[in-house]
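Colleague: Model the following, please.
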Amino acid sequence: MYVAVKGGERAIEASWRLLDQERRGDTRLAELSVAQIREQLRLAVSRVMTEGSVYDEELAALAIKQAAGDLVEAIFLLRAYRTTLPRFGYTEPLRTEAIHAERRISATFKDVPGGQLLGPTYDYTQRLLDFALLAEGEANGANANPNANTDAVVRNVAHESMPRVVALLDKEGLIEQETPTPDAPEPGDLSREPLAFPASRATRLQNLARGDEGFLLAMGYATQRGYSHTHPFAGEIRFGSVAVEMVLDELGEAVDIGEIDVTECQMINQFAGSTEAPPSFTQGYGLSFGHSERKAMAMALVDRALRSAELGETLSSPTQDVEFMLSHSDNVEASGFVQHLKLPHYVDFQSELELVRRLRAQQKAAATGSRAGDDAASGNKDAQQEQAA
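Modeller: Residues are numbered from 1 along each chain as shown. Next comes the predicted model:
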(Lines give C-alpha, C1' and ligand atoms only; values in the text may rest on other atoms or scores of the structure.)
Protein backbone atom coordinates (compact mmCIF):
# COMPACT_ATOMS: atom_id res chain seq x y z
CA MET A 1 0.00 0.00 0.00
CA TYR A 2 2.85 2.41 0.83
CA VAL A 3 4.46 1.80 -2.58
CA ALA A 4 1.16 2.56 -4.30
CA VAL A 5 0.81 5.83 -2.38
CA LYS A 6 4.34 6.96 -3.27
CA GLY A 7 3.78 6.07 -6.91
CA GLY A 8 0.56 8.04 -6.87
CA GLU A 9 2.35 11.09 -5.49
CA ARG A 10 4.90 11.04 -8.30
CA ALA A 11 2.17 10.70 -10.90
CA ILE A 12 0.28 13.64 -9.42
CA GLU A 13 3.39 15.84 -9.40
CA ALA A 14 4.02 14.92 -13.03
CA SER A 15 0.41 15.83 -13.80
CA TRP A 16 1.00 19.27 -12.29
CA ARG A 17 4.00 19.82 -14.56
CA LEU A 18 1.98 18.76 -17.60
CA LEU A 19 -0.80 21.12 -16.55
CA ASP A 20 1.66 24.02 -16.43
CA GLN A 21 2.86 23.15 -19.92
CA GLU A 22 -0.66 22.93 -21.29
CA ARG A 23 -1.59 26.23 -19.69
CA ARG A 24 1.44 27.99 -21.18
CA GLY A 25 0.85 26.62 -24.68
CA ASP A 26 3.26 27.37 -27.53
CA THR A 27 6.28 29.13 -25.99
CA ARG A 28 6.98 30.83 -29.31
CA LEU A 29 3.99 33.05 -28.61
CA ALA A 30 3.98 35.81 -26.01
CA GLU A 31 2.54 34.77 -22.65
CA LEU A 32 -0.89 36.16 -21.78
CA SER A 33 -0.52 38.54 -18.85
CA VAL A 34 -2.89 39.02 -15.93
CA ALA A 35 -3.17 42.70 -16.87
CA GLN A 36 -4.30 41.77 -20.39
CA ILE A 37 -6.97 39.44 -19.04
CA ARG A 38 -8.14 42.09 -16.60
CA GLU A 39 -8.47 44.79 -19.25
CA GLN A 40 -9.51 42.80 -22.33
CA LEU A 41 -11.59 39.95 -20.89
CA ARG A 42 -13.60 42.13 -18.55
CA LEU A 43 -16.86 40.22 -18.93
CA ALA A 44 -15.16 36.98 -17.88
CA VAL A 45 -13.55 38.82 -14.96
CA SER A 46 -16.96 40.16 -13.92
CA ARG A 47 -18.48 36.67 -13.83
CA VAL A 48 -15.61 35.22 -11.81
CA MET A 49 -15.81 38.07 -9.28
CA THR A 50 -19.58 37.73 -8.92
CA GLU A 51 -19.75 33.97 -8.48
CA GLY A 52 -16.48 33.89 -6.57
CA SER A 53 -17.88 36.47 -4.11
CA VAL A 54 -14.74 38.62 -4.22
CA TYR A 55 -14.58 42.03 -5.88
CA ASP A 56 -10.96 42.09 -7.04
CA GLU A 57 -10.33 42.36 -10.76
CA GLU A 58 -6.67 41.41 -10.50
CA LEU A 59 -7.31 38.25 -8.48
CA ALA A 60 -10.17 37.25 -10.79
CA ALA A 61 -7.88 37.70 -13.81
CA LEU A 62 -5.18 35.66 -12.08
CA ALA A 63 -7.68 32.88 -11.40
CA ILE A 64 -8.75 32.86 -15.06
CA LYS A 65 -5.13 32.57 -16.18
CA GLN A 66 -4.38 29.81 -13.67
CA ALA A 67 -7.52 27.91 -14.73
CA ALA A 68 -6.58 28.25 -18.43
CA GLY A 69 -9.88 29.98 -19.12
CA ASP A 70 -12.13 27.50 -17.27
CA LEU A 71 -14.37 30.03 -15.53
CA VAL A 72 -15.94 27.54 -13.11
CA GLU A 73 -12.47 26.43 -12.00
CA ALA A 74 -11.45 30.09 -11.69
CA ILE A 75 -14.51 30.76 -9.51
CA PHE A 76 -13.51 27.79 -7.35
CA LEU A 77 -9.97 29.18 -6.97
CA LEU A 78 -11.24 32.63 -5.99
CA ARG A 79 -13.71 31.24 -3.47
CA ALA A 80 -10.99 29.10 -1.90
CA TYR A 81 -8.76 32.17 -1.56
CA ARG A 82 -11.67 34.11 -0.09
CA THR A 83 -11.77 31.77 2.90
CA THR A 84 -8.27 32.90 3.91
CA LEU A 85 -9.15 36.61 4.05
CA PRO A 86 -9.91 38.38 7.34
CA ARG A 87 -13.29 40.00 7.84
CA PHE A 88 -12.97 43.64 8.91
CA GLY A 89 -16.65 44.42 9.02
CA TYR A 90 -19.68 45.15 6.89
CA THR A 91 -20.26 48.05 4.54
CA GLU A 92 -23.43 50.09 4.32
CA PRO A 93 -26.04 49.04 1.73
CA LEU A 94 -25.08 50.21 -1.75
CA ARG A 95 -27.06 53.25 -2.88
CA THR A 96 -27.48 52.11 -6.45
CA GLU A 97 -29.96 54.90 -7.14
CA ALA A 98 -26.90 57.20 -7.12
CA ILE A 99 -24.95 55.04 -9.57
CA HIS A 100 -22.61 56.75 -12.05
CA ALA A 101 -24.13 54.95 -14.99
CA GLU A 102 -22.29 54.00 -18.13
CA ARG A 103 -25.36 52.17 -19.36
CA ARG A 104 -29.01 52.54 -18.38
CA ILE A 105 -31.98 51.23 -20.34
CA SER A 106 -35.65 50.51 -19.73
CA ALA A 107 -37.95 48.30 -21.77
CA THR A 108 -41.10 49.63 -20.07
CA PHE A 109 -40.98 53.36 -20.85
CA LYS A 110 -39.48 55.03 -23.89
CA ASP A 111 -38.95 58.39 -22.24
CA VAL A 112 -37.57 58.03 -18.74
CA PRO A 113 -36.13 60.71 -16.45
CA GLY A 114 -32.43 60.94 -17.25
CA GLY A 115 -32.88 59.32 -20.65
CA GLN A 116 -31.88 55.99 -22.11
CA LEU A 117 -28.11 55.44 -22.18
CA LEU A 118 -27.02 52.61 -24.48
CA GLY A 119 -23.40 52.50 -23.37
CA PRO A 120 -21.18 49.47 -24.14
CA THR A 121 -23.30 46.51 -25.26
CA TYR A 122 -23.45 43.71 -27.80
CA ASP A 123 -27.22 44.17 -28.11
CA TYR A 124 -27.00 46.21 -31.30
CA THR A 125 -24.12 44.40 -32.99
CA GLN A 126 -24.37 41.85 -35.77
CA ARG A 127 -23.36 38.37 -34.68
CA LEU A 128 -20.65 38.13 -37.31
CA LEU A 129 -17.01 37.29 -36.73
CA ASP A 130 -14.89 40.42 -36.96
CA PHE A 131 -11.82 39.23 -38.82
CA ALA A 132 -10.24 42.66 -38.40
CA LEU A 133 -9.47 41.58 -34.83
CA LEU A 134 -6.99 39.08 -36.27
CA ALA A 135 -4.81 42.03 -37.31
CA GLU A 136 -3.17 42.29 -33.91
CA GLY A 137 -1.20 45.39 -32.96
CA GLU A 138 -2.83 47.71 -35.48
CA ALA A 139 -4.96 49.48 -32.88
CA ASN A 140 -1.98 51.49 -31.64
CA GLY A 141 -1.33 55.06 -32.68
CA ALA A 142 -3.82 57.64 -33.87
CA ASN A 143 -6.77 55.26 -34.00
CA ALA A 144 -6.19 53.76 -30.57
CA ASN A 145 -9.31 55.35 -29.14
CA PRO A 146 -11.76 56.22 -31.90
CA ASN A 147 -14.56 56.59 -29.33
CA ALA A 148 -12.83 59.19 -27.18
CA ASN A 149 -15.57 61.75 -27.77
CA THR A 150 -18.25 59.17 -27.04
CA ASP A 151 -16.50 58.26 -23.79
CA ALA A 152 -16.56 61.88 -22.73
CA VAL A 153 -20.30 62.08 -23.42
CA VAL A 154 -20.89 58.92 -21.42
CA ARG A 155 -19.01 60.30 -18.44
CA ASN A 156 -20.91 63.57 -18.57
CA VAL A 157 -24.31 61.91 -18.80
CA ALA A 158 -23.42 59.34 -16.16
CA HIS A 159 -23.34 61.92 -13.38
CA GLU A 160 -26.75 63.35 -14.14
CA SER A 161 -29.67 62.42 -11.91
CA MET A 162 -31.44 59.27 -13.04
CA PRO A 163 -34.51 58.47 -10.90
CA ARG A 164 -35.57 54.86 -10.85
CA VAL A 165 -38.12 53.80 -13.45
CA VAL A 166 -40.23 52.04 -10.82
CA ALA A 167 -40.76 55.45 -9.21
CA LEU A 168 -43.05 56.31 -12.13
CA LEU A 169 -45.32 53.42 -11.19
CA ASP A 170 -45.02 54.16 -7.50
CA LYS A 171 -46.59 57.59 -8.00
CA GLU A 172 -49.84 55.80 -8.82
CA GLY A 173 -49.37 53.10 -6.21
CA LEU A 174 -49.18 50.45 -8.92
CA ILE A 175 -46.06 48.66 -7.73
CA GLU A 176 -45.01 47.15 -4.44
CA GLN A 177 -42.42 49.00 -2.41
CA GLU A 178 -39.37 47.25 -1.03
CA THR A 179 -38.29 49.71 1.63
CA PRO A 180 -36.81 47.95 4.68
CA THR A 181 -38.69 48.50 7.92
CA PRO A 182 -36.87 49.53 11.11
CA ASP A 183 -37.73 46.24 12.82
CA ALA A 184 -36.60 44.09 9.89
CA PRO A 185 -34.07 41.41 10.93
CA GLU A 186 -30.46 41.73 9.82
CA PRO A 187 -29.80 39.68 6.67
CA GLY A 188 -27.76 36.54 7.20
CA ASP A 189 -24.32 35.97 5.71
CA LEU A 190 -24.36 32.96 3.42
CA SER A 191 -20.57 32.97 3.19
CA ARG A 192 -20.40 32.21 6.93
CA GLU A 193 -23.64 30.39 7.62
CA PRO A 194 -24.81 27.21 5.86
CA LEU A 195 -27.88 27.39 3.67
CA ALA A 196 -30.99 26.44 5.65
CA PHE A 197 -34.69 26.31 4.83
CA PRO A 198 -36.96 28.15 4.90
CA ALA A 199 -34.66 30.80 3.42
CA SER A 200 -35.40 34.52 3.61
CA ARG A 201 -35.35 36.61 0.47
CA ALA A 202 -32.04 38.16 1.53
CA THR A 203 -30.49 34.70 1.76
CA ARG A 204 -32.03 33.69 -1.56
CA LEU A 205 -30.58 36.74 -3.29
CA GLN A 206 -27.13 35.98 -1.87
CA ASN A 207 -27.39 32.44 -3.17
CA LEU A 208 -28.52 33.58 -6.60
CA ALA A 209 -25.75 36.19 -6.83
CA ARG A 210 -23.20 33.41 -6.27
CA GLY A 211 -25.15 30.97 -8.47
CA ASP A 212 -24.01 29.65 -11.82
CA GLU A 213 -24.94 31.99 -14.65
CA GLY A 214 -25.81 29.15 -17.02
CA PHE A 215 -28.14 27.52 -14.50
CA LEU A 216 -29.90 30.79 -13.69
CA LEU A 217 -30.16 31.63 -17.39
CA ALA A 218 -31.85 28.30 -18.10
CA MET A 219 -34.22 28.65 -15.14
CA GLY A 220 -35.00 32.26 -16.02
CA TYR A 221 -35.78 31.13 -19.56
CA ALA A 222 -38.06 28.44 -18.13
CA THR A 223 -40.05 31.06 -16.21
CA GLN A 224 -40.64 32.93 -19.46
CA ARG A 225 -41.86 29.77 -21.19
CA GLY A 226 -44.63 29.24 -18.66
CA TYR A 227 -42.98 27.40 -15.76
CA SER A 228 -44.00 30.18 -13.40
CA HIS A 229 -46.93 32.55 -13.03
CA THR A 230 -45.03 35.65 -14.13
CA HIS A 231 -45.03 37.99 -17.11
CA PRO A 232 -41.76 39.95 -16.91
CA PHE A 233 -40.75 43.34 -18.25
CA ALA A 234 -37.23 44.72 -17.94
CA GLY A 235 -38.09 47.76 -15.86
CA GLU A 236 -34.53 49.00 -15.67
CA ILE A 237 -31.00 47.75 -16.22
CA ARG A 238 -28.08 49.82 -14.97
CA PHE A 239 -24.33 49.39 -15.23
CA GLY A 240 -21.82 51.75 -13.69
CA SER A 241 -19.80 52.58 -10.61
CA VAL A 242 -21.28 53.01 -7.16
CA ALA A 243 -19.71 54.26 -3.94
CA VAL A 244 -18.96 51.82 -1.12
CA GLU A 245 -19.38 53.25 2.36
CA MET A 246 -18.39 51.86 5.74
CA VAL A 247 -19.04 53.11 9.26
CA LEU A 248 -15.78 53.62 11.14
CA ASP A 249 -16.00 53.37 14.91
CA GLU A 250 -13.40 56.11 15.33
CA LEU A 251 -15.57 58.57 13.42
CA GLY A 252 -19.02 57.25 14.19
CA GLU A 253 -20.22 57.89 10.66
CA ALA A 254 -20.10 56.34 7.20
CA VAL A 255 -17.17 57.24 4.97
CA ASP A 256 -16.56 56.54 1.30
CA ILE A 257 -13.88 53.84 0.97
CA GLY A 258 -13.98 53.44 -2.81
CA GLU A 259 -16.11 52.54 -5.81
CA ILE A 260 -17.02 49.29 -7.52
CA ASP A 261 -18.69 48.53 -10.84
CA VAL A 262 -22.04 46.76 -10.61
CA THR A 263 -24.91 45.73 -12.85
CA GLU A 264 -28.42 46.07 -11.45
CA CYS A 265 -31.68 44.78 -12.89
CA GLN A 266 -35.24 45.38 -11.77
CA MET A 267 -37.84 43.19 -13.44
CA ILE A 268 -41.46 44.29 -13.31
CA ASN A 269 -44.06 41.53 -13.19
CA GLN A 270 -47.82 41.38 -13.29
CA PHE A 271 -49.61 40.37 -10.10
CA ALA A 272 -53.27 39.39 -10.27
CA GLY A 273 -53.81 40.30 -6.64
CA SER A 274 -55.16 38.34 -3.70
CA THR A 275 -57.73 38.69 -0.95
CA GLU A 276 -55.30 40.97 0.90
CA ALA A 277 -53.76 42.90 -2.02
CA PRO A 278 -55.25 44.51 -5.15
CA PRO A 279 -53.86 43.81 -8.65
CA SER A 280 -50.52 45.57 -9.12
CA PHE A 281 -46.96 45.03 -10.24
CA THR A 282 -44.31 43.18 -8.29
CA GLN A 283 -40.54 43.11 -8.64
CA GLY A 284 -37.69 40.69 -9.21
CA TYR A 285 -34.20 41.89 -8.42
CA GLY A 286 -30.70 41.08 -9.62
CA LEU A 287 -27.28 42.55 -8.82
CA SER A 288 -23.84 41.40 -9.94
CA PHE A 289 -20.26 42.67 -9.90
CA GLY A 290 -18.88 44.33 -13.02
CA HIS A 291 -20.75 44.24 -16.32
CA SER A 292 -22.94 41.13 -16.10
CA GLU A 293 -26.33 41.97 -17.56
CA ARG A 294 -27.33 38.44 -18.53
CA LYS A 295 -26.62 37.20 -15.00
CA ALA A 296 -28.47 40.09 -13.34
CA MET A 297 -31.51 39.62 -15.59
CA ALA A 298 -31.66 35.86 -15.02
CA MET A 299 -31.27 36.42 -11.30
CA ALA A 300 -34.18 38.88 -11.28
CA LEU A 301 -36.41 36.43 -13.18
CA VAL A 302 -35.65 33.61 -10.75
CA ASP A 303 -35.98 35.87 -7.71
CA ARG A 304 -39.54 36.76 -8.73
CA ALA A 305 -40.44 33.11 -9.36
CA LEU A 306 -39.20 32.18 -5.88
CA ARG A 307 -41.52 34.76 -4.36
CA SER A 308 -44.61 32.89 -5.53
CA ALA A 309 -45.40 31.39 -2.13
CA GLU A 310 -45.24 34.69 -0.24
CA LEU A 311 -47.48 36.28 -2.88
CA GLY A 312 -50.07 33.51 -2.57
CA GLU A 313 -49.53 32.09 -6.06
CA THR A 314 -49.91 28.43 -6.96
CA LEU A 315 -46.63 26.50 -6.87
CA SER A 316 -46.50 24.29 -9.94
CA SER A 317 -42.92 24.45 -11.23
CA PRO A 318 -39.38 23.66 -10.06
CA THR A 319 -38.52 27.32 -10.73
CA GLN A 320 -40.83 28.21 -7.83
CA ASP A 321 -39.35 25.58 -5.49
CA VAL A 322 -36.91 27.40 -3.20
CA GLU A 323 -35.09 24.28 -2.02
CA PHE A 324 -34.69 22.90 -5.54
CA MET A 325 -33.40 26.17 -6.97
CA LEU A 326 -31.02 27.16 -4.17
CA SER A 327 -29.64 23.67 -3.66
CA HIS A 328 -28.62 23.26 -7.29
CA SER A 329 -27.55 26.74 -8.38
CA ASP A 330 -24.01 26.80 -6.97
CA ASN A 331 -21.50 25.80 -9.65
CA VAL A 332 -18.67 25.14 -7.17
CA GLU A 333 -20.75 22.63 -5.22
CA ALA A 334 -22.23 21.12 -8.39
CA SER A 335 -18.84 20.84 -10.06
CA GLY A 336 -17.30 19.19 -7.03
CA PHE A 337 -20.10 16.66 -6.68
CA VAL A 338 -20.02 15.74 -10.37
CA GLN A 339 -16.25 15.67 -10.71
CA HIS A 340 -15.72 13.58 -7.59
CA LEU A 341 -16.85 10.69 -9.79
CA LYS A 342 -13.36 10.82 -11.34
CA LEU A 343 -11.81 9.77 -8.02
CA PRO A 344 -11.13 6.08 -7.32
CA HIS A 345 -14.27 4.14 -6.42
CA TYR A 346 -12.72 0.71 -6.72
CA VAL A 347 -14.11 -0.78 -3.49
CA ASP A 348 -17.62 0.58 -4.06
CA PHE A 349 -17.70 -0.71 -7.61
CA GLN A 350 -16.38 -4.16 -6.65
CA SER A 351 -19.14 -4.52 -4.05
CA GLU A 352 -21.77 -3.59 -6.63
CA LEU A 353 -20.16 -5.89 -9.18
CA GLU A 354 -20.42 -8.81 -6.76
CA LEU A 355 -24.02 -7.90 -5.98
CA VAL A 356 -24.98 -7.87 -9.68
CA ARG A 357 -23.23 -11.21 -10.23
CA ARG A 358 -25.07 -12.75 -7.27
CA LEU A 359 -28.43 -11.42 -8.42
CA ARG A 360 -27.83 -12.75 -11.93
CA ALA A 361 -26.89 -16.18 -10.50
CA GLN A 362 -30.04 -16.22 -8.40
CA GLN A 363 -32.14 -15.22 -11.39
CA LYS A 364 -30.54 -17.94 -13.50
CA ALA A 365 -31.11 -20.57 -10.80
CA ALA A 366 -34.71 -19.52 -10.42
CA ALA A 367 -35.23 -19.65 -14.19
CA THR A 368 -33.59 -23.13 -14.38
CA GLY A 369 -35.78 -24.43 -11.56
CA SER A 370 -38.86 -22.98 -13.20
CA ARG A 371 -38.07 -24.71 -16.52
CA ALA A 372 -37.45 -28.02 -14.70
CA GLY A 373 -40.80 -27.71 -12.98
CA ASP A 374 -42.50 -26.90 -16.29
CA ASP A 375 -40.89 -29.97 -17.91
CA ALA A 376 -42.03 -32.24 -15.06
CA ALA A 377 -45.55 -30.87 -15.24
CA SER A 378 -45.60 -31.37 -18.98
CA GLY A 379 -44.42 -34.99 -18.58
CA ASN A 380 -47.11 -35.73 -16.04
CA LYS A 381 -49.72 -34.25 -18.35
CA ASP A 382 -48.56 -36.43 -21.26
CA ALA A 383 -48.68 -39.55 -19.08
CA GLN A 384 -52.18 -38.77 -17.97
CA GLN A 385 -53.31 -38.29 -21.54
CA GLU A 386 -51.78 -41.71 -22.55
CA GLN A 387 -53.56 -43.49 -19.70
CA ALA A 388 -56.83 -41.89 -20.65
CA ALA A 389 -56.40 -43.06 -24.26
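Colleague: Tell me the secondary structure of residue 268, please.
Modeller: Assigned by DSSP: H, G, I helix; E, B strand; the rest coil, the conformation of residue 268 is strand.
Colleague: Contacts only, for it.
Modeller: Residues counted as contacts of residue 268 (C-beta atoms under 8 Å, 6 or more residues apart in numbering) are 108, 166, 169, 175, 232-235, 281-283. All C-beta spots, glycine's among them, are computed from the backbone N, C-alpha and C.
Colleague: can you pull out the strands in the stretch 1-150 of the chain?
Modeller: 100-105 (DSSP state E, counting those that start in this stretch).
Colleague: Low-confidence ranges, it, go.
Modeller: The model of the stretch 1-150 of the chain has pLDDT under 70 over residues 1-7, 137-150.
Colleague: quick one, helices of it?
Modeller: 2-24, 34-40, 42-52, 57-66, 71-82, 148-158 (DSSP state H, counting those that start in this stretch).
Colleague: Need the winner for burial among those.
Modeller: Each of these was scored by mean neighbour count; the highest is helix 42-52, a mean of 24, by mean count of other C-beta atoms under 10 Å.
Colleague: just the angle between that one and helix 57-66, please?
Modeller: In terms of direction (axes from the mean of the first three to the mean of the last three C-alpha atoms, to 10 degrees), helix 42-52 departs from helix 57-66 by 100 degrees.
Colleague: Contacts made by helix 42-52 with the rest, please.
Modeller: With contact meaning C-beta under 8 Å, 6+ apart, helix 42-52 is reached by 37-38, 55-57, 60-61, 63-64, 69, 71, 74-75, 77-79, 82, 209-213, 261, 263, 288-292, 295, 331-332.
Colleague: Count the residues that sit near residue 28.
Modeller: The local packing of residue 28 (other C-beta atoms under 10 Å) involves 5 other residues.
Colleague: If you could redo that for residue 250, that was the one I meant.
Modeller: Neighbours around residue 250, by other C-beta under 10 Å: 6.
Colleague: which residues sit in contact with it?
Modeller: With C-beta under 8 Å, 6+ apart, residue 250 has no contacts at all.
Colleague: Got the confidence number for it?
Modeller: Confidence at residue 250, expressed as pLDDT, is 82.
Colleague: Next: the one 10 residues further on.
Modeller: We note a pLDDT of 95 for residue 260 in this prediction.
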